[in-house]
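Undergrad: fold the stuff below for me.
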Amino acid sequence: MVNSSTPAQKTHKTATLHWLLQRITALALIPLTLPLLVFLDLCMTAPYQQTVAWLQSPLNRLCIGVWVLAVFYHAAMGLQVVIEDYIAKQDLQVMLIKAINLSFIVLMVVALFFMFRV
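TA: This is a model prediction of the structure:
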């Protein structure tokens, strides 16, 4: 099957999807921030054992894990938009976007590794 889309239509569809995904992740982060705030409060006020027990609960661990995934994805998309808007050279844009995506993937994996290690 031949794709009859022009490059401008593909760019428009990609930009629309990018915009939509930014909004979806932003909305998802609103309710997911509540368990994070509870976790941070426990880290500051509760004994270590109570904090670890809270984090070992499957629902709490799932919420924090999904929050980590969503926040790193949302941040990477946001920085991509900033780079595309303010960096004129196309090759530099591509290099910076790849570097940011790689660094966010590494940070996300490290965060999830240490969260599930507890």
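Undergrad: by contact count, what packs against the lengthiest helix in the chain?
TA: Determined from DSSP state H, the single longest helix within the chain is helix 7-45. The helices and strands touching helix 7-45, judged by 3 or more Cβ pairs under 8 Å, 6 or more residues apart in numbering; DSSP states H and E, are helix 48-56, helix 58-86. C-beta coordinates here come from the backbone N, C-alpha and C atoms, glycine included.
Undergrad: identify the residue nearest residue 76 in space, chain neighbours excluded?
TA: Leaving aside its sequence neighbours, residue 76 sits nearest to residue 104 (Cβ to Cβ, 6 or more residues apart in numbering; 4.5 Å).
Undergrad: what about the one you found, distance to residue 97?
TA: 11 Å (Cβ to Cβ, to the nearest Å).
Undergrad: same check, this time on residue 30
TA: Distance from residue 30 to residue 97, by Cβ to Cβ: 26 Å.
Undergrad: so between these two, which is more surrounded?
TA: Between residue 30 and residue 97, residue 97 has the larger neighbour count (other Cβ atoms under 10 Å), namely 16 against 8.
Undergrad: quick one on the thing from earlier: quick one: the helices and strands packed on helix 7-45 as TSV, columns for mean pLDDT, distance to residue 23 and mean neighbour count too.
TA: As requested, the helices and strands packed on helix 7-45 are arranged in TSV below (pLDDT from 0 to 100; distance: least, Cβ to Cβ, whole Å; neighbours: other Cβ atoms under 10 Å):
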stretch	mean pLDDT	distance to residue 23	mean neighbour count
helix 48-56	95	29	13
helix 58-86	95	10	15
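Undergrad: where does residue 11 land on pLDDT?
TA: At residue 11, the model reports a pLDDT of 75.
Undergrad: give the burial count for it, as a bare number.
TA: Neighbour number of residue 11 under other Cβ under 10 Å is 11.
Undergrad: same question, the one 5 residues further on
TA: By other Cβ under 10 Å, 10 other residues sit near residue 16.
Undergrad: likewise for residue 98?
TA: 10.
Undergrad: other SSEs contacting the helix or strand hosting it?
TA: Residue 98 belongs to helix 90-117 when assigned by DSSP states H and E. Other elements packing on helix 90-117 under the criterion 3+ Cβ pairs under 8 Å, 6+ apart are helix 58-86.
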